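> Fold the following for me, if possible:
(chains A and B)
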There are 2 protein chains.
Amino acid sequence: MTQYYLGIDLGGTFVKTAVLTDGAEILGRTSRETGASSGRDNVLNSMTEAAKEAVSGAGLKMADIKAVGLGTPGIVLHATGVVVTAPNLPGWENLPLRDEMSRRLGRPVVIENDANAAAWGEFWVGAGKGLNSMAMLTLGTGIGGGIIINGEVLHGAHDVAAELGHMTIDMNGPRCGCGNYGCLEAFAAAPATVRRFVEGIKGGQKSPLSQRVARGEAITTKDIYEDAVAGCEYSRKTIHDTGRYLGVGISIIMLSIDAEMVVLTGGLAKAGQMLLDGVWQEYAKRTYEYLAKRTKIVFAKLGNDAGVIGAAGCALKTHATSR
Amino acid sequence: MTQYYLGIDLGGTFVKTAVLTDGAEILGRTSRETGASSGRDNVLNSMTEAAKEAVSGAGLKMADIKAVGLGTPGIVLHATGVVVTAPNLPGWENLPLRDEMSRRLGRPVVIENDANAAAWGEFWVGAGKGLNSMAMLTLGTGIGGGIIINGEVLHGAHDVAAELGHMTIDMNGPRCGCGNYGCLEAFAAAPATVRRFVEGIKGGQKSPLSQRVARGEAITTKDIYEDAVAGCEYSRKTIHDTGRYLGVGISIIMLSIDAEMVVLTGGLAKAGQMLLDGVWQEYAKRTYEYLAKRTKIVFAKLGNDAGVIGAAGCALKTHATSR
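Model (predicted):
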């Protein structure tokens, strides 16, 4: 008999949910605003309502759901389901999120860090399907990381493993949002990419976007990418450089855990080969030739669904019963 | 009945061997020159003779040895026991070392990278005894690394995991012996520490060692440490800075794998608290407070024996039979 799982992907802006079969088929889904600024109870209510809506949308009752997986930002104690802290979620400190959501939904709940959940999704049924180990970088406003070793999410001794965006790649580098200097995120996340672009334009670099920069308009990495595709050399170089910084980070990851595959996802990953060329330029220099020849760096397959699929997959991994 | 294992620690300068009981008691040991410059067969002969000498020195016959563990520099394919390449050992390319040594000694042989073997030694019966995960940095002419996760040496998908000395900590940093720029090793290994010290003296820093530097005499990290202990501020700062670079590297390791303990060993580790103060200065800045409060960074317990004990331990882990 088919077993059903509910995945919840809690982001700073949106809560996404999906009901999945144990074969990873998506039956029903929702997306709604997180409402983080309205406080903790509001977020918990949003998730609860979204969960119920997804289940009824799939033509099921909550009792049909074998277990619920929830991916959340922050440091998550996976053994107890307690969120220690989550930077963008006020009131989220030491929250027993697993037990709270289990009480609200009446089903077993598994809590996972959001980047870990997304990595698990890609590993379970996406780019990393069938492998034994994988590392994933989520390239967005921040850079998230997930590591799978021996077919398991690596949580680490203190549930802080795979915080790959905050690895130092230049100890004298620019300040990161985390307070540290020279983190990978401070070089290669979307805001850092835009900052480098704007600084260059102000320093005299030419681009069709120059006038928008001069008017003080906000620029996005999508703008820069489209500009690069349209032929702007400086935009192309900006994305290439983001790739180079990622290449440094990936060399560190590979010399540390030597994963079977490195998967890139998130908005910036849409830059595709332009980004990958930069990645390889640095990566190949910074690892042994033996390793560089064998390394696989690919783009994710599940897109924005990785988080919600992975969350459901975490629930399945923990609560599936043989049949 | 007690089972006996032979450990061989192959270094660029010395081959060390020891016979161990399955309780990690050392019964007999030898040390002799590797003779690497005389070629591959000479090294293989050195190891073979040293092995036989250690066994007879322990009052045993080779047939009493359950299995042999051999730690070697280089990239080691642990599944096949082939050494892909080892920088300081001429003729070591694609060498089926496991089978060759097994043929010579008539016993099962397990091959492991030398830094991994030393890490396994500390994990088995040293500083990491009883833990689940551990990372080790060996601080010498180079910086070697070993990672244990879930009680197993992490080999990685291509047997290149835990090459921690070659992680970039400053992408614009000085050139490393490996050809890359800004590796941890290029900042914090013994030659880098001496180079920084000498450059400072030439730039006007004062130390009782200044005259030796002026005469062009070779300085060692031991000299610098003794100078620091004797009260030289600049020598103390030099070692503190080495610690700071290590702290950056350890922050990367912890944000990647989040080990239960980080163990420091090798010649530079003798600098003790002076080094550790530098480590913590950077480490605490470059990780989450939550993690920094819980991180254990300690010195190794087995000293120079870690390699040979760990090699024997790898043999035991693979070939022990219950009794």
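
> Which parts of chain A are helices?
Here chain A has its helices, by DSSP state H, at A:40-57, A:97-105, A:114-125, A:184-188, A:190-202, A:210-214, A:221-229, A:233-257, A:273-286, A:289-292, A:306-319.

> name the helices or strands packed onto the worst-scoring helix or strand of chain A on mean pLDDT?
Least confident helix or strand, chain A: strand A:26-33 with a mean of 93, by mean pLDDT, DSSP states H and E. Counting contacts by 3 or more CB pairs under 8 Å, 6 or more residues apart in numbering or on different chains; DSSP states H and E, strand A:26-33 packs against strand A:14-21, helix A:40-57. Yep, even glycine has a C-beta here, placed from its N, CA and C like the rest.

> Around chain B, pick out the residues from the stretch 51-200 of chain A.
Residues of the stretch 51-200 of chain A found near chain B (CB under 8 Å from any CB of the partner chain) are A:75, A:84-85, A:132-133, A:147, A:149-150, A:154-164, A:166-172, A:178-180, A:182.

> Which among the residues you listed count as buried?
Neighbour-count burial (16 or more other CB atoms under 10 Å in any protein chain shown) applied to these gives A:75, A:84-85, A:133, A:147, A:149, A:154-164, A:166-171, A:178, A:180, A:182.

> Adding distance to residue B:93, write the helices of chain A out as CSV.
As requested, the helices of chain A are arranged in CSV below (distance: least, CB to CB, whole Å):
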stretch, distance to residue B:93
helix A:40-57, 57
helix A:97-105, 52
helix A:114-125, 34
helix A:184-188, 34
helix A:190-202, 41
helix A:210-214, 53
helix A:221-229, 42
helix A:233-257, 21
helix A:273-286, 21
helix A:289-292, 11
helix A:306-319, 41
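
> between those, which gets nearest to residue B:25?
helix A:233-257 (34.0 Å; CB to CB).

> Flag every buried residue along stretch A:48-63.
Those would be A:48, A:50, A:51, A:52, A:54, A:55, A:58, A:60, for stretch A:48-63 by 16+ other CB under 10 Å.

> List the beta-bridge partners for the closest residue to residue A:303 other than its chain neighbours.
Using CB to CB, 6 or more residues apart in numbering or on different chains and skipping the chain neighbours, the partner closest in space to residue A:303 is residue A:265 (7.5 Å). Bridge pairing for residue A:265 (DSSP bridges) gives the partners residue A:138.

> Could you give the number of residues near residue A:265?
By other CB atoms under 10 Å in any protein chain shown, the residues close to residue A:265 number 30.

> Show me how chain A divides into domains.
A:4-123+A:304-319, A:131-300 (automatic domain parsing).

> Now render the ones you listed as TSV, adding distance to residue B:316.
Formatted as TSV, these follow (distance: least, CB to CB, whole Å):
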stretch	distance to residue B:316
domain A:4-123+A:304-319	31
domain A:131-300	21
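
> Relative to residue B:140, which of these is closest?
domain A:131-300 (18.1 Å).

> model confidence over the closest one, on average?
Model confidence over domain A:131-300, given as mean pLDDT, is 97.

> ends of it, how far apart?
One end of domain A:131-300 to the other measures 14 Å (CA to CA, to the nearest Å).

> from the middle of its chain, how far away would that domain be?
In terms of CA atoms, centre = their mean, to the nearest Å, the centre of domain A:131-300 is found 13 Å from the chain centre.

> give me phi/psi at residue A:34?
phi -70, psi -40 (degrees, to the nearest 10).

> neighbours of it, just the number please.
20.

> Could you do residue A:199 as well?
11.

> Likewise for residue A:106?
11.

> Could you pull up the residues touching it?
Residue A:106 makes contacts with A:62, A:63, as judged by CB atoms under 8 Å, 6 or more residues apart in numbering or on different chains.

> and if we set it to 6 Å?
By CB atoms under 6 Å, 6 or more residues apart in numbering or on different chains, no residues touch residue A:106.

> how far away is it from chain B?
Between residue A:106 and chain B the distance, using CB to the nearest CB, to the nearest Å, works out to 32 Å.

> now residue A:292
10 Å.

> and if you look at residue A:174?
Distance, residue A:174 to chain B, by CB to the nearest CB: 13 Å.

> contacting residues around the spatially closest residue to that residue that is not a sequence neighbour?
Nearest non-adjacent residue to residue A:174, counting by CB to CB, 6+ apart: residue A:186, 4.9 Å away. Applying CB under 6 Å, 6+ apart, one finds that residue A:186 lies in contact with A:173, A:174, A:176, A:192.
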